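*Asks:* Dropping a prediction and its sequence here:
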Amino acid sequence: MKFSIRQTERGGSGHPAPAVLQRQAYFRLHACVILWGVTAILGRLISLPALQLVAWRMALVVGVLVVVRRTWGGLRAMSLRSIVIFLGIGCVVAAHWYAFYTSIKISNASVAVSCLGLGSIFAAIIEPVLMRRPHERAELFLGVLAVPGVVLIVGGVPLQMRLGIVIGVVAALLSAIFTTLNKRFATNNDPFAITCIEMAAGVVVLGIPAILSGLTIPTPMDSVWLLVLAIACTLLPFVMWIQSLRYVTAFSTLLMLNLEPVYAILLAAVLFKEYEDLTLLFYIGTGIVLLTVLLQPHVRQFAHSTK
């Protein structure tokens, strides 16, 4: 019996079977979701403007990675073409984070993370194009299913916060783009090297305007939160996320990331009492968006069984 189980769990070469690797990838993704759920809270706690916050965040990640031996080994093994590609993706990541934290500063953490749920809708359209595969009806169905939820989210926030929703939607679009691009190009490269290159690109793209606008030195308390944000909520989950993309689609990744608002909204309600600014419509809309996460595996399974 032990032999048969081992045969099921591992391939003939002794390596874990694809199903095992996929389960591990989903476990890592959920860990990423929990850690990324905290980033919105840290965005509220850190007093720096969005541009300065993201520039410092990415700079700290690069500072850690340059002293890791594995990073340099991955960089030496990477082709010049791949380096250029990941530099470009890093610019998209930087733009996404800047939009996300700007949305938090304009509205609040709950609104910003709820908008990220739209990433799966954009991915359902973008991923097949960039990955050169046909569109799947199940993905498009789930994307459309989330639209009423988004409408309710917009109707459930005060008028002065709606610009934050617009910027949050832009952040969601950018997340779909860089997730899909990483899915396409990250497979044969080291995740530490990829993360270092992408973060370095962000440091340049955002660091220059941050310096020109007057670089702000973080306060001691901001420095503590920035270190937590950079290491525990950026470096660790970003590396795990890139590893997971080898075994799951970008659409499934972004659909699972829709769980991020659950953790962020609960924490924001407890720490900042953000529920006082939001109506019941907002929470109903968020619930509809999150419902797509629960339906995703069932809808995809049904769609494949009917082919």
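*Replies:* That came through, no problem.

*Asks:* ok, now how distant is residue 153 from residue 305?
*Replies:* Using CB to CB, to the nearest Å, residue 153 is found at 33 Å from residue 305. C-beta coordinates here come from the backbone N, C-alpha and C atoms, glycine included.

*Asks:* So for those two, which residue has more residues nearby?
*Replies:* residue 153 (28 against 7; other CB atoms under 10 Å).

*Asks:* That one contacts residue 282, doesn't it?
*Replies:* Yes. With contact defined as CB atoms under 8 Å, residue 153 counts as touching residue 282 (5.5 Å).

*Asks:* between the two, what contacts are shared?
*Replies:* 111, 114 (CB atoms under 8 Å, 6 or more residues apart in numbering).

*Asks:* three-state assignment of residue 236?
*Replies:* helix (DSSP: H, G, I helix; E, B strand; the rest coil).

*Asks:* right, and residue 150 touches residue 118 too?
*Replies:* Yes. Taking contacts as CB under 8 Å, residue 150 lies within contact range of residue 118: 6.2 Å.

*Asks:* Now the common contact residues for the two.
*Replies:* residue 289.

*Asks:* quick one, which of the two is more surrounded?
*Replies:* Between residue 150 and residue 118, residue 118 has the larger neighbour count (other CB under 10 Å), namely 27 against 21.

*Asks:* what's the closest non-adjacent residue to the more buried one?
*Replies:* In space, and not counting its chain neighbours, residue 118 is closest to residue 172: 4.0 Å by CB to CB, 6 or more residues apart in numbering.

*Asks:* how near is that neighbour to residue 206?
*Replies:* Residue 172 sits 19 Å away from residue 206 when distances are taken as CB to CB.

*Asks:* now do residue 187
*Replies:* Going from residue 187 to residue 206 by CB to CB gives 27 Å.

*Asks:* out of these two, which sits in the busier spot?
*Replies:* Neighbour comparison, residue 187 and residue 206: the larger count goes to residue 206, with 25 against 11 (by other CB under 10 Å).

*Asks:* so who does the more buried one touch?
*Replies:* 51, 54, 55, 58, 94, 98.

*Asks:* Buried residues of the helix or strand harbouring it, list them for me.
*Replies:* Assigned by DSSP states H and E, residue 206 falls within helix 191-212. Buried residues in helix 191-212, defined by neighbour count with 16 or more other CB atoms under 10 Å: 191-203, 205-207, 210.

*Asks:* repeat for stretch 284-292
*Replies:* For stretch 284-292, by 16+ other CB under 10 Å, it's 285, 286, 288, 289, 290, 292.

*Asks:* so which of these would you say is closest to residue 132?
*Replies:* Of all the buried residues of stretch 284-292, residue 132 sits closest to residue 292, with 24.8 Å by CB to CB.

*Asks:* Assign that closest one to helix, strand or coil.
*Replies:* At residue 292 the chain is in helix, as set by three-state DSSP.

*Asks:* Can you verify my assumption that it contacts residue 140?
*Replies:* No. Judged on CB under 8 Å, residue 292 makes no contact with residue 140 at a distance of 11.8 Å.

*Asks:* circling back to that earlier point, how far is the helix holding residue 206 from where the chain is centred?
*Replies:* How far helix 191-212 lies from its chain's middle: 17 Å, per CA atoms, centre = their mean, to the nearest Å.

*Asks:* got it, and stretch 80-95?
*Replies:* 16 Å.

*Asks:* That stretch - what's its average pLDDT?
*Replies:* Average pLDDT, stretch 80-95: 96.

*Asks:* So which bits of it are buried?
*Replies:* Taking 16+ other CB under 10 Å as the neighbour-count basis, stretch 80-95 is seen to contain the buried residues 82, 83, 85, 86, 87, 89, 90, 91, 92, 93, 94, 95.

*Asks:* likewise stretch 225-241?
*Replies:* Across stretch 225-241, burial judged by 16+ other CB under 10 Å covers 225-226, 228-230, 233-235, 237-241.

*Asks:* same deal with stretch 143-150?
*Replies:* Buried-residue list, stretch 143-150, by 16+ other CB under 10 Å: 143, 145, 146, 149, 150.

*Asks:* mind giving me JSON lines with those and columns for pLDDT?
*Replies:* Output for the buried residues of stretch 143-150, formatted as JSON lines (pLDDT from 0 to 100):
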{"residue": "143", "pLDDT": "73"}
{"residue": "145", "pLDDT": "79"}
{"residue": "146", "pLDDT": "77"}
{"residue": "149", "pLDDT": "82"}
{"residue": "150", "pLDDT": "76"}
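
*Asks:* And residue 11, what's its pLDDT?
*Replies:* Note for residue 11: predicted pLDDT of 48.

*Asks:* I meant residue 206, not that one.
*Replies:* The model's pLDDT for residue 206 equals 96.

*Asks:* For it, which non-adjacent residue is spatially closest?
*Replies:* Nearest residue to residue 206 in three dimensions, chain neighbours excluded: residue 55, at 4.3 Å (CB to CB, 6+ apart).
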